[in-house]
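A.B. asks: Everything below, folded, please.
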Amino acid sequence: MAKPPPELLEFIYPYDAAIQSLALGVRKLVLEELAPCHEYVFAMRSKLVLLYGPTERVIKDNICAINLFPKHVNLGFHYGADLKDPRGILEGSGKSWRHIKLRGLAALDQPEIRACLRDARKRAGLKRPRQPTADNVVTRVKVPSRKKRLSSWPDLW
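C.D. replies: Residues are numbered from 1 along each chain as shown. Below you'll find the model as predicted:
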């Protein structure tokens with residue numbers, strides 16, 4: 001499994017240790033289900049966003065996203081309204097976007113999360129390799145300037 005890049009670790013450093021662990025746990029789960037894939041990491045206002053998709057055009061072709069907030073982590077699905085959700089774990093009322101709000105590591109044991117990831121992968125047409133590769137994720141990190149980073153995250157820095 002791909003190790004988190006140092007830039008990602010720097011981005012999540014301001015968050016509480018529990019949120020850091022949860023975010024890395026969710027990332028591991030996403031990569032287990034979606035890899036090979038592309039990952040794009042960037043700061044957006046008061047949250048950190050990790051997007052995942054089948055191509056390098058991750059913003060346009062994204063399958064899911066991990067959003068870090070000070071008290072929880074969301075696993076969102078671009079076409080979440082179309083996913084199978086018999087247990088009703090997906091939240092949101094938008095036209096297409098749905099998310100799962102995660103508050104602790106124990107939440108990652110829910111089989112419905114993997115089911116949603118598999119359904120999203122299948123709907124996106126992302127194929128799984130027959131044999132896993134050592135380097136199965138392409139990560140890009142958008143590092144903002146220090147001035148912009150400090151002004152956009154005053155409560156975390």
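
A.B. asks: so what's the spatially most central residue of the chain bridging to?
C.D. replies: The centroid of the chain falls nearest to Ile66 when counting by C-alpha atoms, centre = their mean (2.5 Å). Beta-bridge pairing for Ile66 (DSSP bridges): Leu50, Leu75.

A.B. asks: For it, which residues are in contact?
C.D. replies: Counting by C-beta atoms under 8 Å, 6 or more residues apart in numbering, Ile66 touches Ala23, Val26, Arg27, Val30, Val49, Leu50, Tyr52, Val73, Asn74, Leu75, Gly76. (C-beta placed from N, C-alpha, C; glycine too.)

A.B. asks: okay, the residues you listed in a markdown table with neighbour count next?
C.D. replies: Formatted as a markdown table, the contacts of Ile66 follow (neighbours: other C-beta atoms under 10 Å):
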| residue | neighbour count |
| --- | --- |
| Ala23 | 22 |
| Val26 | 24 |
| Arg27 | 23 |
| Val30 | 25 |
| Val49 | 20 |
| Leu50 | 26 |
| Tyr52 | 28 |
| Val73 | 30 |
| Asn74 | 19 |
| Leu75 | 26 |
| Gly76 | 21 |
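
A.B. asks: and of the residues you listed, the nearest to Ser93?
C.D. replies: Of all the contacts of Ile66, the one with the least separation from Ser93 (C-beta to C-beta) is Gly76, at 13.3 Å.

A.B. asks: wouldn't the closest one be in contact with Cys64 here?
C.D. replies: Yes: at 6.3 Å, Gly76 and Cys64 qualify as touching, with contact defined as C-beta atoms under 8 Å.

A.B. asks: From Ala43, how far off is the nearest residue to Ala124 once chain neighbours are set aside?
C.D. replies: Closest residue in space to Ala124, ignoring its immediate chain neighbours: Ile63 at 4.7 Å, by C-beta to C-beta, 6 or more residues apart in numbering. Ile63 sits 21 Å away from Ala43, going by C-beta to C-beta, to the nearest Å.

A.B. asks: Thank you kindly, that will do.
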